[in-house]
Structure formats: C-alpha cells, structure tokens
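Student: fold the following, please.
(one chain, ligands or ions: 1)
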Amino acid sequence: DEGVVRRDRFSGGPARSFLSSLAADERIFEADLEVDRAHTVMLAEQGIVEDDVAGQVLTALDAIEVDGHGSLPDGEDVHEAIETAVIERIGAEGGKMHTARSRNDEVAACIRYRLREDVLEAVETTLALRESLVAVAEAHTETIMPGYTHLQPAQPTTVAHWALAYEGAVGRDTARLLEAYDRINESPLGGAAFAGTTFDIDRERTAELLGFDGVVENSMDASSSRDFLLEVTQALSTHATTLSGLAEDVVIFANRGFVDLSDDYSSTSSIMPQKKNPDTLELVRAVAGDAAGGVQGLTTTLKGLPRAYNRDLQRATTYAWETVDAVTEASEVAAGAVATADWNEETLAAEAGEGFSTATGVADLLAANGLPFRTAHEMVAHAAENSAERSSADSHVAKPRDNGADYDALEAAAREVLGEPLESLVDPDAVEEALDPAASVASRDSQGGPA
Ligand code: ARG
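Tutor: Next up is the predicted model:
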C-alpha cells in the first residue's frame, strides 16, 4: 500500500497523540504547502527530481490545499501528513518531495514563513493604535488635565501630551517588532536535519521563492535555533506592557469621570443596572500577564537545549502563536477604545489644578525672580502644607484633591519662611497666572513639554 509510509514501526503506540502536533499545525498548513512548493521547484531546477514528478507533486499540493487541513490523513505532524497525502495521490514518486531536507529545516521554515505574516499584522495594529492616539492628541492639544506621578496630582498637562506619551512608546514597540521581523525573515530551508545534504541544492533559490531576505547560513543553526521566537515574543510582551499602562490610565480616568468609553468598549453588570465598566481595557491590561507568561514559558523550554534539533521545540512554538494572537487583539481593542472614547473637557479642566498641582510653576516663578530654587520649593511646600491642613480642618474627610493653595496661603508662607511679603519677591499678577492650570500648561514650552 503506497499510502502507508515507512514510519509503521514508530509512533503507533499509546504516546501517539502526545507526539502529534497535527492539530496545532493547522496554523502552518498553508506555510507548509508553500515550503513544499518552493523546495519541489528548486529540486526540479537543480535536476534532483524529474520535472514531471515535480509537476505531479505541485498538482497534488494544490489539491491538498483545496481539501484543507481537516482532510489530511493522520500523521505525527502536518509535514508527515502532507507527504502521506501526496503519496496517496500520485504514488511512491511523491516521496521524492522530501529529498534533501528534513522536517527539522522544514518546520523552522514554516514557522518563520507564517510568523512573518503574524508579525506584520501585529505591526499594523501598533500603527493603528498610534493613529488613534495621534487623533486624540490633535483634538485635545488645549484640553488640560491633571498629570500624576505616584498617582498623586503632580502638574497639569494636556490630553494631547498624555496621548503622545503613549504614541512615542508604541512607536518604539513597532520598531522592536520590525527588528524581530528582520531576523525571522531568513530561510533555514536546506539545513536538512542539521548537517546539510549531499544533494546539490540551491538554498538561495528556495529563500527567494519563499520571499526570505536570505538564508540562515550554518545548517545546524538553521534547523535548531529558535531565538527568533524568543525575540519576537519579548517584543510583543514589551508592547503588551505598554498597553497595560495605557489601559490602566484609562480605567483610572474613567473612574474619575475624565473619560467616557463608548458602549462598544464597555460592559455592564448582571446585577447592578447602572453599571458601565471598562472591561475591555481591564482585559487589555491582563494580556500583559499572558505575554510575560509566554516569554517565561518559551525561555524555560529553550533553556539548556543542546544542539541540534530536539522535539522540545515543537512545544516552544505554541508560546509564540498564543502571544502574538493575544497581544495583537489587545492592541486592536486598545486602539478602538481610545479612538471612540469621549474626553470630558469640563471635568478635566476643573480637576487640572487638583492637589495644588501648580505648585512647581509657582516655585519656578520665584526662582526665575532670583530666589534659589530650593528656598522657593521650601516656601511653596509650606503654603501647600498650610492649605492642606486648612482643608482637612474644614471637613472630617481629608480632601487631598482640593485646589487649596491660593494666593493667601503663598502670602502667609512668604512671611513665615522668608520674613517678607510675597509682592517684594514677585509680581502678584504673575503669581495668579502661575496658579492657573491652563496658564501653567501654556508656560511649559520646553522641548517635548505640554505647551
Ligand atoms: N513537528 C515537529 C516540530 O514542530 C517537527 C518534526 C521534527 N521531528 C523530528 N522527529 N525530528 O518541531
């Protein structure tokens, strides 16, 4: 029976399903057909396989593609199953397809071929996210908002400044993915099991047919290395970490009423009828955990593997697929949530001065008028402390968000700390202006600042 390939001695026992990657290999079904085609064409061009046999193999591969992965015969993996299907269709001659190669270089070529597509899709989602962030920035160059460090009110900024901060980070994520892409985009095909082949193959030709930029030179390196998987999974994990910060910010802003997510990106409660929850962004935030787990799983699987090929590599690939899928989806959702959210300009403006967030500007003003910055810092800190005490004395609940430190508090601090009235140091109108959040933002026009 020509349909029965030579592996009858092996892999038929109770461990068969444990060994098999056939189901998971659906992901590389198309890639394997392309790799088979390129290899077959090269074998014919090199005179290693007769043209008519190569033609029959190519015809069989087309038919197998039409039937789909689900129609493949049983096999240890997609490579074996496709070969079996070719032999079933055209007879034993179909076995010539596997001349001068191994499943080791074959699978590495398939992974790289498919991963290129996935990475380009991930790159595109980062570009869409950047476009969303730039659109938010364009619409909100004048929308002032509170800025935070340690999640405490720090200095007023703008929504545009916030959005472009993430755009910059996502831009680096894009660059990291593209760099990983370049190292994925090299052909391992022709490495064979690891040790090359006696046949006069043309590795550059299969690389060219498959659209790779070049070859992974050393055949042992070609068939067994997976650092390209690690590099791209790490780059995706870095992007997921950026996304998690963005998501967390928006969750906090939604809590404060600064931003309203569109209904499309919100969820509700099965019991509390009034609820509108930022679930999509919470899930985006959580994907950073999946991605970090992917990096960890992959690193641990690859760690200490000897050269050359080891079957552990079959399980390594899954981490990269899962990570690229999860992070690409999270990036897409983040882009959509950002693009469709409404920023509440009035609330943002009302809160922009919270917690005496213009204090640094007042200290800067005093310093610009000749007071050593450290002395100015001390004086304004004194004013902040006084006004914080005053506002908590007004209520039994501490109100750290009060815009407490007004001109009077500064005046009192000037007298207490410096022994002079404030107007002997600085023009009172300039102080009032420094206390205004919008003016504070407008005055910070250093390179990359919110103005
Ligand atoms: N399915 C395997 C993988 O994904 C490739 C097969 C190599 N098998 C082997 N026994 N050398 O890595």
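
Student: so which bits of the longest helix seen in the chain are buried?
Tutor: When the chain is parsed with DSSP state H, its longest helix is helix 103-139. Applying a neighbour-count criterion of 16 or more other C-beta atoms under 10 Å, the buried positions in helix 103-139 are 103-116, 118-119, 122-123, 125-126, 128-130, 132-133, 136-137. Every residue, glycine included, has its C-beta placed from N, CA and C.

Student: one more: stretch 87-99?
Tutor: Of the residues in stretch 87-99, 87-90, 93-98 count as buried by neighbour count, 16+ other C-beta under 10 Å.

Student: which one of those residues is nearest to the ligand?
Tutor: Of all the buried residues of stretch 87-99, residue 98 has the smallest distance to the ligand: 12.1 Å, by C-beta to the nearest ligand atom.

Student: thinking again about what came up before, and the ligand, which of the buried residues of helix 103-139 contact it?
Tutor: Among the buried residues of helix 103-139, the residues within reach of the ligand (C-beta under 6 Å from any ligand atom) are 103-104, 107.

Student: please pull out the lowest mean pLDDT helix or strand from this structure.
Tutor: Ranked by mean pLDDT, DSSP states H and E, the weakest helix or strand in the chain is helix 373-393, scoring a mean of 83.

Student: which strands and helices lie in contact with that one?
Tutor: When contacts are defined as 3 or more C-beta pairs under 8 Å, 6 or more residues apart in numbering; DSSP states H and E, helix 373-393 sits against helix 359-368, helix 407-413.

Student: relative to the whole chain's centre, how far out is the longest one?
Tutor: In other words, helix 359-368. Here the centre of helix 359-368 is set off from its chain's centre by 39 Å, with C-alpha atoms, centre = their mean, to the nearest Å.

Student: that older thread, export the least confident helix or strand of the chain as CSV, just CAs?
Tutor: Provided in CSV are the C-alpha atoms of helix 373-393 (Å, rounded to 0.1, in the frame of the first residue of the first chain):
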residue,chain,number,x,y,z
PHE,A,373,15.0,77.1,43.7
ARG,A,374,15.5,75.2,46.9
THR,A,375,14.3,78.1,49.0
ALA,A,376,11.3,78.6,46.7
HIS,A,377,10.5,74.9,47.0
GLU,A,378,10.5,75.2,50.7
MET,A,379,8.3,78.2,50.8
VAL,A,380,5.7,76.8,48.4
ALA,A,381,5.8,73.4,50.3
HIS,A,382,4.9,75.4,53.4
ALA,A,383,2.0,77.0,51.6
ALA,A,384,0.8,73.6,50.4
GLU,A,385,1.0,72.2,53.9
ASN,A,386,-0.9,75.0,55.4
SER,A,387,-3.7,74.8,52.9
ALA,A,388,-3.8,71.0,53.2
GLU,A,389,-4.2,71.4,57.0
ARG,A,390,-6.8,74.1,56.5
SER,A,391,-8.9,72.0,54.1
SER,A,392,-8.8,68.9,56.3
ALA,A,393,-9.8,71.0,59.3
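
Student: where are the low-confidence patches of this structure?
Tutor: Applying pLDDT under 70 to the chain picks out residues 1-11, 389-405.

Student: mind doing that once more with 80?
Tutor: 1-12, 387-405 (pLDDT under 80).

Student: can you list the residues of it near the ligand?
Tutor: Near the ligand, when you scan the chain using C-beta under 6 Å from any ligand atom, you find 21, 77, 103-104, 107, 309, 311, 313-314.

Student: picking up where we left off before, pick the most buried one from the helices and strands packed on helix 373-393.
Tutor: Among those, the stretch with the highest mean neighbour count (mean count of other C-beta atoms under 10 Å) is helix 359-368, at a mean of 21.

Student: and that helix with helix 373-393, angle?
Tutor: Per axes from the mean of the first three to the mean of the last three C-alpha atoms, to 10 degrees, the angle that helix 359-368 makes with helix 373-393 is 140 degrees.

Student: from the contact counts, what lies against helix 359-368?
Tutor: Right, helix 359-368 is packed against helix 373-393, helix 428-435 by 3+ C-beta pairs under 8 Å, 6+ apart.

Student: who are the neighbours in contact with residue 364?
Tutor: 373, 376, 434 (C-beta atoms under 8 Å, 6 or more residues apart in numbering).

Student: try it again with 10 Å
Tutor: 358, 373, 376-377, 380, 434, 440, 443-444 (C-beta atoms under 10 Å, 6 or more residues apart in numbering).

Student: name the helices or strands packed onto whatever helix or strand residue 53 lives in?
Tutor: For residue 53, the host element (DSSP states H and E) is helix 51-67. Secondary-structure packing of helix 51-67 (3 or more C-beta pairs under 10 Å, 6 or more residues apart in numbering; DSSP states H and E): helix 29-45, helix 78-90.

Student: tilt between the last one and helix 103-139?
Tutor: By that I understand helix 78-90. 120 degrees.

Student: with just CA atoms, put helix 78-90 into CSV.
Tutor: Extracted in CSV, the C-alpha atoms of helix 78-90 (Å, rounded to 0.1, in the frame of the first residue of the first chain):
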residue,chain,number,x,y,z
VAL,A,78,1.5,18.4,9.2
HIS,A,79,4.7,17.7,7.3
GLU,A,80,4.3,14.0,7.6
ALA,A,81,0.5,14.2,6.8
ILE,A,82,1.0,16.3,3.7
GLU,A,83,3.7,14.0,2.4
THR,A,84,1.4,11.0,3.0
ALA,A,85,-1.4,12.8,1.2
VAL,A,86,0.9,13.5,-1.8
ILE,A,87,1.9,9.8,-1.9
GLU,A,88,-1.7,8.8,-1.7
ARG,A,89,-2.5,10.9,-4.7
ILE,A,90,0.4,10.3,-7.0
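
Student: packing partners of that helix?
Tutor: Against helix 78-90 (3+ C-beta pairs under 10 Å, 6+ apart) you get helix 29-45, helix 51-67, helix 103-139.

Student: what is the neighbour count of the residue in the stretch 201-350 of the chain that the ligand sits nearest to?
Tutor: Residue nearest to the ligand within the stretch 201-350 of the chain: residue 314 (3.7 Å; C-beta to the nearest ligand atom). For residue 314, the count of nearby residues is 18 (other C-beta atoms under 10 Å).

Student: so how far is residue 63 from it?
Tutor: From residue 314 across to residue 63, the span is 27 Å (C-beta to C-beta, to the nearest Å).

Student: can you pull the contacts of residue 318?
Tutor: So residue 318 contacts 21, 24, 27, 294, 297-298, 301 (C-beta under 10 Å, 6+ apart).

Student: are any of those residues buried, and which?
Tutor: Buried among these (16+ other C-beta under 10 Å): 21, 27, 294, 297-298, 301.
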